[in-house]
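**Student:** fold the following for me, if possible:
(chains A and B)
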There are 2 protein chains.
Amino acid sequence: MNAELLVIGDEILIGQIVDTNSSWICAHLGDIGVNVTHISVVSDDTQDIKGALSLAASRSGVIIMTGGLGPTKDDVTKDALIEYFDTELVVDKDVLIHVEEIFAKYKRVMPPENMQQAEVLANAEVMFNRAGTAPGMWIKKDDIFYAVLPGVPTEMKYLMTHEVIPRLADMHGREVHVHKTILTAGIGESFLAATIAPIEAALPNYIHLAYLPTYGQVRLRLSTSEGHHYDLSELEAQVNKYADAIKALIPEYYINDTEDTLQHTLLKRTERLGYTIAAAESCTGGYFSHLVTTVPGSGQVFLGSIVSYAEAVKEAELDVKAETIERYTAVSEQTAVEMVLGVKKRLKSDYAVSITGYAGPDGGTEENPVGTVWIAVTGLSKTVSTKFLFGKRREDNIIRAATSALYMLYRLISEENL
Amino acid sequence: MNAELLVIGDEILIGQIVDTNSSWICAHLGDIGVNVTHISVVSDDTQDIKGALSLAASRSGVIIMTGGLGPTKDDVTKDALIEYFDTELVVDKDVLIHVEEIFAKYKRVMPPENMQQAEVLANAEVMFNRAGTAPGMWIKKDDIFYAVLPGVPTEMKYLMTHEVIPRLADMHGREVHVHKTILTAGIGESFLAATIAPIEAALPNYIHLAYLPTYGQVRLRLSTSEGHHYDLSELEAQVNKYADAIKALIPEYYINDTEDTLQHTLLKRTERLGYTIAAAESCTGGYFSHLVTTVPGSGQVFLGSIVSYAEAVKEAELDVKAETIERYTAVSEQTAVEMVLGVKKRLKSDYAVSITGYAGPDGGTEENPVGTVWIAVTGLSKTVSTKFLFGKRREDNIIRAATSALYMLYRLISEENL
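**Tutor:** You can find the predicted model right below:
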């Protein structure tokens, strides 16, 4: 089944925001075997939207539209849809109550514009939006399915997850499609590729292996190709066989095959073992802690962290000795080790990690340029520290350092609790 | 002048990567008055690329293509262009030498596929790529300009900056186009719309106002529409007049009109005043600190933070009294105030902020459900605390709480230093 995305929003065409929705939607449709063939971004202009709809309908069976559903005047998606479908707007009482309740909850008067949020196309099935005020709409016309979604990422994701994906997954005519992902960390894409080359070479032509690298992690995705109507359980057995062979080759880099994040797997394992963790962050400025605390229930394991941007804070709150910083600088193995031992003692955790480096763009020395990061981890019986040299971009360095810290902590906990 | 982007790449359509190129290109074209009306993403498929080219040529005078120029088999952009323009490939000697030099520099043997990098369309002017191996191409046909660029962001940016933008900027017949954005915080989109309604109603038909909301912030964008050949300075004066009128109506919510982020403006103002800040985070788990430390040079202002996820850490590291938590709970005005005073004292900062709440999905009480967040700020002479009730989604609550904390801190610093 082919789908295309129609993204509506001047803010994308003027370069004000990056369209992250499309990537999310494509990946999630791929997971249920729906293949996105085109993405079109058009402005908040009735004619442009109608033109793009006609074109999409001429080549795809599923059209997912995002954006332009807000209560302000520049949002014209509904106007375009009224003309395109030759229909009208009707007030949906449940949506109206929902919108009113949201304003009541925040004890605010609802501006009249927000009444419009409850107006839906007469030919649409309403997809109730518990993540916001703009409802989603599901329309079938001439055997083509249209999903109309708000552009706010959380609302789009809510409606895709709870309404659109289940509907599409239920449809008939879908090809059997199996996929499995393996998350690895601590190994670069080319080394990983070299390590698992024998398995990649042995893959049958209907199983495809993709490398999806992000900072310090590579997700491997095994998927069966389009057009193969094999038996589902046989396909699954095949994919699992190759996944297991890959896992066996990379025991120290394999994190999970559950689509969980690295931090999720770290927290689950630590919780199961009954341990707690703490962090001392310098150049990552709280990002390590943020990654950990995005996981619901992380409070069972994560006690907290001390973000010591200033040297005085390293000394006063982490018991780093002034002479250590003076002699070795704040970006050194010695400082990293004192930080990690300091935070473990202060926060009384079982495990701890520390990160100190030059995130850039300024700072660094000749010997230790921007991108140099020391990470230390400590646990039940030992302390391990590693020096990294990332790149020149601040944002990247922060993400790569935090990811490497997650991996080092995961390794230590795994090693000490075999 | 209207342009459109044609992005070629399966990796975007399967959701493997987010297309950040388009946003960059749109913003930079906008700066020279070139208006992007459509972005189309198509797969590495000759027919799809040719179809998208024909469509784009039917409606725009400039077509910028990115991607599909690599040496591997799945890159077919050149094949599609040969057919579309009915032309052939020729080897460009300068490019060939350049590609060979790059391999020589890294002391690697050049794989034969890379010879293809030196093949360019016979009807194209070569745009020399000093940032990589794939050359850019510039083609004019039937009064339409085509720029063909590699998809690697650094190479695309190099060629846009040094080749494409100078060519487009030099062309005649460009329309004058002005835009200005105003960042607001602490006020919702509909309330903002109601407040500035009189100005919106008074806008001339050639100035357009758009609302670009994100968590707790709304960016307003005033832009002049297509087809108006007014004098540039007159248009700028008009846009500035309405921008000033908007700013005058929302003095307490106006942050900047520089396209900077809220945290950037907060840090700049604090640095100019010579003050320092610190944070005590609970439910935001380090995200406030992360937002602040994404700004280069934030170390001049931001001393650090204590992320006190566990109650014991609130007590030991922030001097929150055990009886305060017992009597009022950890999510209370009293706890928030003790946290903010504790971190200010511990880290010896001039200003501080604390955040404590139920991010969800679990936790909360009947009186204070998930989404309840207390934020306190303290400065030279006073401490202010506010209770928020956000939603049910953990990720959103974290972002909204951190953004609200940035805004409260900015307000207090502004008020105390008029």
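
**Student:** low-scoring stretches of the stretch 251-400 of chain A, by residue?
**Tutor:** By pLDDT under 70, the stretch 251-400 of chain A contains no weakly predicted segment.

**Student:** thought A:Arg393 was touching A:Val370?
**Tutor:** No - judged on C-beta atoms under 8 Å, A:Arg393 makes no contact with A:Val370 at a distance of 9.1 Å. No exception for glycine: its C-beta is placed from N, CA and C like everyone else's.

**Student:** the two: who's more crowded?
**Tutor:** A:Val370 (20 against 15; other C-beta atoms under 10 Å in any protein chain shown).

**Student:** ok so the more buried one is a helix residue?
**Tutor:** No - A:Val370 is assigned coil when assessed by DSSP: H, G, I helix; E, B strand; the rest coil, not a helix.

**Student:** tell me the confidence at A:Ile49?
**Tutor:** What the model reports for A:Ile49 is a pLDDT of 95.

**Student:** which element is it on?
**Tutor:** helix A:46-57 (DSSP states H and E).

**Student:** do A:Ala3 as well
**Tutor:** A:Ala3 belongs to strand A:2-8 when elements are defined using DSSP H and E.

**Student:** that strand vs helix A:46-57, what angle?
**Tutor:** For strand A:2-8 against helix A:46-57, the angle by axes from the mean of the first three to the mean of the last three C-alpha atoms, to 10 degrees is 170 degrees.

**Student:** what average pLDDT does strand A:2-8 get?
**Tutor:** Averaging pLDDT along strand A:2-8 gives 95.

**Student:** buried sites along it?
**Tutor:** By neighbour count with 16 or more other C-beta atoms under 10 Å in any protein chain shown, strand A:2-8 contains the buried residues A:Ala3, A:Glu4, A:Leu5, A:Leu6, A:Val7, A:Ile8.

**Student:** does the second one touch A:Thr37 like I think?
**Tutor:** Yes - shown here, A:Glu4 and A:Thr37 form a contact pair, counting by C-beta under 8 Å, at 5.8 Å.

**Student:** what do the two both touch?
**Tutor:** Residues touching both A:Glu4 and A:Thr37 (C-beta atoms under 8 Å, 6 or more residues apart in numbering or on different chains) are A:Arg59, A:Ser60.

**Student:** what about the stretch 51-200 of chain A, any weak spots by pLDDT?
**Tutor:** A:172-177.

**Student:** quick one: the strands in it?
**Tutor:** Under the criterion DSSP state E, counting those that start in this stretch, the stretch 51-200 of chain A contains strands at A:62-66, A:89-91, A:119-121, A:125-127, A:136-141, A:144-149, A:179-185.

**Student:** between those, which one is closest to A:Ser308.
**Tutor:** Closest of those to A:Ser308 is strand A:179-185, at 25.5 Å (criterion: C-beta to C-beta).

**Student:** pop the domain breakdown of chain A in here.
**Tutor:** A:2-170, A:179-256, A:262-416 (automatic domain parsing).

**Student:** how long is the last one end to end?
**Tutor:** Chord length of domain A:262-416, first to last residue, is 18 Å (C-alpha to C-alpha, to the nearest Å).

**Student:** same check on the shortest one?
**Tutor:** The first and last residues of domain A:179-256 sit 14 Å apart, counting by C-alpha to C-alpha.

**Student:** just stretch A:355-371 next, same as before
**Tutor:** Counting by C-alpha to C-alpha, the terminal residues of stretch A:355-371 are separated by 12 Å.

**Student:** can you give me how far the longest helix along chain A is from the chain middle?
**Tutor:** Secondary structure of chain A per DSSP state H: the longest helix is helix A:394-416. Computed by C-alpha atoms, centre = their mean, to the nearest Å, the chain-centroid distance of helix A:394-416 equals 17 Å.

**Student:** number of nearby residues for A:Pro112?
**Tutor:** A total of 10 residues lie near A:Pro112 under the criterion other C-beta under 10 Å.

**Student:** could you do A:Thr276 as well?
**Tutor:** Residues within reach of A:Thr276, counting by other C-beta under 10 Å, total 20.

**Student:** for it, give me its contacts.
**Tutor:** By C-beta under 8 Å, 6+ apart, the contact set of A:Thr276 is A:Thr270, A:Val301, A:Phe302, A:Leu303, A:Lys348, A:Ser349, A:Asp350, A:Tyr351, B:Ala310.

**Student:** quick check, the helix holding A:Ile49 touching chain B?
**Tutor:** Yes - on the criterion C-beta under 8 Å from any C-beta of the partner chain, helix A:46-57 is in touch with chain B at A:Asp48, A:Ala52, A:Leu55.

**Student:** who are the packing partners of the helix or strand hosting A:Ile255?
**Tutor:** Per DSSP H and E: A:Ile255 is located in strand A:254-256. Where contact means 3 or more C-beta pairs under 8 Å, 6 or more residues apart in numbering or on different chains; DSSP states H and E, strand A:254-256 is packed against strand A:179-185, helix A:262-273.

**Student:** how far off strand A:179-185 does the longest one point, in degrees?
**Tutor:** Angle of helix A:262-273 versus strand A:179-185, following the same axes, to 10 degrees, is 80 degrees.

**Student:** could you point out which element follows helix A:262-273?
**Tutor:** Assigned by DSSP H and E, the successor of helix A:262-273 is strand A:277-281.

**Student:** so does the very next helix or strand once past that following strand get close to chain B?
**Tutor:** Per DSSP H and E, strand A:277-281 leads on to helix A:287-293 as the next helix or strand towards the C-terminus. Yes - Helix A:287-293 is in contact with chain B by C-beta under 8 Å from any C-beta, via A:Tyr287, A:Phe288, A:Ser289, A:His290, A:Val292, A:Thr293.

**Student:** now, the most widely separated pair of those residues?
**Tutor:** A:Tyr287 and A:Thr293 (10.7 Å).

**Student:** okay, and the common contacts of these two?
**Tutor:** B:Gly286.

**Student:** how far away is A:Thr403 from A:Ile255?
**Tutor:** From A:Thr403 across to A:Ile255, the span is 11 Å (C-beta to C-beta, to the nearest Å).

**Student:** list the residues that contact both of these two?
**Tutor:** Common contact partners of A:Thr403 and A:Ile255 (C-beta under 8 Å, 6+ apart): A:Ala185, A:Gln217, A:Leu262.

**Student:** thanks a lot, see you next time.
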